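> return atomic coordinates for the entry below.
(2 chains, ligands or ions: 1)
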Amino acid sequence: MGIAEKMKCLGVSRRDFLKYCTAVSGTLALSPAFAPKIAEAIESDTRPPVIWLEFQDCAGDTESLLRASAPTAAQLILDHLSVDYHETIMSAAGHQAESAKENTFEKYKGKYICVVEGSIPTGADGAYCTVGGRSAEDILKEVGGNAAFIIAVGTCATYGGLPAAYPNPTDAKSVKELLPNKTVINLPGCPVNVENLTGTIVHYLLFGAPPAMDKFLRPKFAYGKRIHDNCERRAHFDAGQYVEAWGDYGHKQGWCLYKMGCKGPETFHNCPTIRWNEGLSWPVQAGHGCAGCSEPGFWDTMTPLYKRLPNVPGFGVEATATKIGAAVVGISAVVFGAHGIISAIRNRGLVKKVESSEFEDDDK
Amino acid sequence: MSTKECAAKRFIYVWEGPVRITHWINFFCIIILSFTGYYIHNPFLSGPISTDVYVMGTIRYVHYLTGIVFAMSLIIRFFWLFVGNYYSSWHSFINPLNKNDRSTFWAYLKYYTLLGRKVPHTLGHNPLALLAYIALFTLFILQVFTGFALWSQANPNGLMYSLTGWIFPLISNQWIRFFHYLVMFLIGGFVINHIYSAVLFDFKTQSGEISSIFSGWKAKKRD
Ligand code: SF4
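From the prediction side, this is the model:
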């Protein structure tokens, strides 16, 4: 079935579809003049199939993909990309499912897009996560290694995420760590925002190449700016108006959540501009600080979530920077204070001593 | 017991202009940077009623501007390390291979740790203080670097980010921020030591330690 018929079946009008294409051009920071080209690219028959691998994860990215309440153009496009293998959402199971994967794999070797969700546990010979009797690492190397390119979705696949947080019991690794020579596009986030996933795929359909990426392999169109620099509460930040406690006056007024540990100043993501659930809202708009979920090292570096800075490991639970710093200043004050007292006692009669020695010398 | 000799006769011009000027620029910068930096970490002033007051915005602006001044002052001081007189140049670093240098070093260490009573005298930096200054200036450089790196995140396509942003794949921006904040306290600890030692040696050596950072002149010890 072509996309035109699919649209008809699902009651998505051509107008909606074109509107969506214009929105995607916006997400990708392209001119709206690209919209017809985007529509063309999506409708063309050369679209690559997608194999969606799921490893050590919570299926949150899949949820994000499916979260549309009514079939929308976005969802349709993802459908249309013929996701040939997706354990969670495919109707086939067991051997049937595996053979669907095998078929795509053989037929489109080197041409399909591999989407990976979840980190890959490498501890205990990969026993922590196996599919069809094979370890996650094995599957990734075979299926991912033969893809045109890989899109790692969610923080687990991109940087190891929660499973890789200290002490990383399963020795979880990211996709790029295991396939360092492969083209990997990282779309971190907990979960990934589906707009960024479709945007990335559409970019590939349109230009035949991955979008411009930063040093963390994130597309710049989605991760090029900090949350803090696009946040709607930023005016309150600059003014010095902060929420001091949940539900206080400032919270009700929609003031900045900086003092409640908002990690917007540390996090690169386009949440404030494209938002979530079809642009309905996003965490900071809803009154909770950013958790920094899409940054490398998320969890270890972004916790405690309601404090500005991480605690220092090894000093007990509450070793904050301020406490350690105050201790440093305190100790030096005590040490030098004590030194001063001892020196003062030792130096009793200093003036007399100096005067006598100096002037005796002179008299010689 | 009259003043038979004018001490000024034995005075030597130790700290040249750029050394003293950068010292005081650093002094003011550190004070301003610490206060504004602490506010940025923990905005303790209570929030204004209207958004056109711009408290955090102004304080950050001052912090950044002072950071630039501080960085320039450091550059001048480093330049002077190579063109200044003996006391301000790297020539005065102690040479661990030189026996004399070693013995002065031990004499100071003994004195500082209250093991020895004899007060050594050097005109420039004493070798122990010199080590502290090397550590301190390392902290300054790291502080300036991390400061600019954190600032540069506002524009990851800019020049500042390309010069400093390479640190973030190595150390996450949260730990850089942590470090930038913690170093403020380390510098605070140093300031206590610095002022105390200056006062102590001013007393003990009668060489005008304190006034020397204003005037540049220090008394020489007669042998
Ligand atoms: S709520 Fe968070 S992201 Fe928004 S301005 Fe405040 S600190 Fe920045």
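> what pLDDT does the model give A:Glu360?
In this model, A:Glu360 is scored at 52, pLDDT.
> and if you look at B:Tyr13?
For B:Tyr13, the predicted pLDDT is 86.
> go on, A:Thr320?
82.
> could you find the closest non-adjacent residue to it?
Residue nearest to A:Thr320 in three dimensions, not counting chain neighbours: A:Asn311, with 6.0 Å by Cβ to Cβ, 6 or more residues apart in numbering or on different chains. Just so you know, the C-beta spots here come from the backbone N, C-alpha and C atoms, and that holds for glycine as well.
> surely that neighbour is in contact with A:Pro304?
Yes: with contact defined as Cβ atoms under 8 Å, A:Asn311 counts as touching A:Pro304 (6.5 Å).
> which of the two has more neighbours?
Set A:Asn311 next to A:Pro304 and count neighbours by other Cβ atoms under 10 Å in any protein chain shown: A:Asn311 wins out with 18 against 13.
> what about the more buried one, which SS state?
Secondary structure state of A:Asn311, per DSSP: H, G, I helix; E, B strand; the rest coil, is coil.
> same question, B:Ala135
helix.
> what number of residues lie near it?
12.
> again with A:Phe207
13.
> which pLDDT does the model give residue 89?
Going with chain A. 72.
> let's do chain B instead
Reported pLDDT for B:Ser89: 80.
> in contact with it: list those residues for me.
Counting by Cβ atoms under 8 Å, 6 or more residues apart in numbering or on different chains, B:Ser89 makes contact with B:80-83.
> mind doing that once more with 6 Å?
B:Ser89 sits next to B:Leu81 when contact means Cβ atoms under 6 Å, 6 or more residues apart in numbering or on different chains.
> tell me the SS of A:Tyr306?
coil.
> what is the burial count for it?
Neighbour tally, A:Tyr306, other Cβ under 10 Å: 14.
> now it: how far from chain B?
14 Å (Cβ to the nearest Cβ, to the nearest Å).
> correct me if wrong: that residue contacts A:Gly261.
Yes: using Cβ atoms under 6 Å, A:Tyr306 is in contact with A:Gly261, at 4.0 Å.
> can you give me the distance of the nearest residue to B:Ile25 once chain neighbours are set aside to B:Glu209?
Among residues not flanking B:Ile25 along the chain, B:Ser73 sits closest, at 4.2 Å (Cβ to Cβ, 6+ apart). Noted for B:Ser73: a distance of 22 Å to B:Glu209, by Cβ to Cβ, to the nearest Å.
> the more surrounded of these two?
The neighbour comparison of B:Ser73 against B:Glu209 (other Cβ under 10 Å) goes to B:Ser73, with 21 against 18.
> what pLDDT does the residue in the stretch 1-150 of chain A positioned nearest to the ligand get?
Residue of the stretch 1-150 of chain A nearest the ligand, by Cβ to the nearest ligand atom: A:Thr27 (20.1 Å). As predicted, A:Thr27 sits at a pLDDT of 78.
> got the contact list for the closest residue to it other than its chain neighbours?
Closest residue to A:Thr27 apart from its sequence neighbours, by Cβ to Cβ, 6+ apart: A:Gly199 at 4.5 Å. A:Gly199 is in contact with A:24, A:27-28, counting by Cβ under 6 Å, 6+ apart.
> quick one: the closest residue to the ligand within the stretch 201-350 of chain A from A:Pro283, how far?
The stretch 201-350 of chain A approaches the ligand most closely through A:Gly264 (2.1 Å), counting by Cβ to the nearest ligand atom. A:Gly264 sits 9 Å away from A:Pro283, going by Cβ to Cβ.
> which residues do the two both contact?
A:Cys290.
> does B:Arg20 belong to a helix, a strand or coil?
Taking three-state DSSP, the label given to B:Arg20 is helix.
> residue contacts, B:Ala84?
No, residue B:84 isn't Ala; it's Gly. B:Glu16.
> now with 10 Å?
B:Gly84 makes contact with B:15-19, B:77, B:90-92, according to Cβ atoms under 10 Å, 6 or more residues apart in numbering or on different chains.
> would you map out the domains in chain A?
A:3-221, A:225-310, A:321-363 (automatic domain parsing).
> now those domains as TSV including distance to B:Phe179?
Shown next, in TSV, are those (distance: least, Cβ to Cβ, whole Å):
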stretch	distance to B:Phe179
domain A:3-221	19
domain A:225-310	10
domain A:321-363	9
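> hey, least reliable of those domains by pLDDT?
domain A:321-363 (a mean of 79).
> quick one: it to chain centroid distance?
54 Å (Cα atoms, centre = their mean, to the nearest Å).
> can you pull out the strands in chain B?
B:11-13, B:217-219 (DSSP state E).
> now the ones you listed in a markdown table, with mean neighbour count?
A markdown table is the format used below for those (neighbours: other Cβ atoms under 10 Å in any protein chain shown):
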| stretch | mean neighbour count |
| --- | --- |
| strand B:11-13 | 14 |
| strand B:217-219 | 21 |
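> nearest to the ligand, out of these?
Of all the strands of chain B, strand B:217-219 comes closest under Cβ to the nearest ligand atom, at 49.9 Å.
> around the ligand, pick out the residues from chain B.
For chain B, no residue is in contact with the ligand (Cβ under 6 Å from any ligand atom).
> quick check: which element contains A:His288?
Under the criterion DSSP states H and E, no helix or strand holds A:His288.
> my read: it touches A:Met260, true?
Yes: counting by Cβ atoms under 10 Å, A:His288 does reach A:Met260; the two are 8.0 Å apart.
> now do the contacts for B:Gly57.
A:234-235, A:237-240, B:51.
> oops, could you answer that again for A:Ile324 instead?
A:311-312, A:315, B:178, B:181-182, B:185-186.
> tell me which residues of the helix or strand hosting it are tucked away?
Following DSSP H and E, the helix or strand that holds A:Ile324 is helix A:321-346. Buried residues in helix A:321-346, defined by neighbour count with 16 or more other Cβ atoms under 10 Å in any protein chain shown: A:321-322, A:324-325, A:328-329, A:332, A:336, A:339, A:343.
> the residue of the stretch 201-350 of chain A closest to the ligand: how many residues sit nearby?
By other Cβ under 10 Å, neighbour count at A:Gly264 equals 26.
> my guess is it meets A:Gly289, correct?
Yes: assessed by Cβ under 10 Å, A:Gly264 is found in contact with A:Gly289 at 7.1 Å.
> on that earlier part again, surely the residue nearest to B:Ile25 and B:Asn26 touch.
Yes: in terms of Cβ under 10 Å, B:Ser73 counts as a neighbour of B:Asn26; the distance is 5.6 Å.
> overlap of the contact sets of these two?
Joint contacts of B:Ser73 and B:Asn26 (Cβ under 10 Å, 6+ apart) are B:Phe140.
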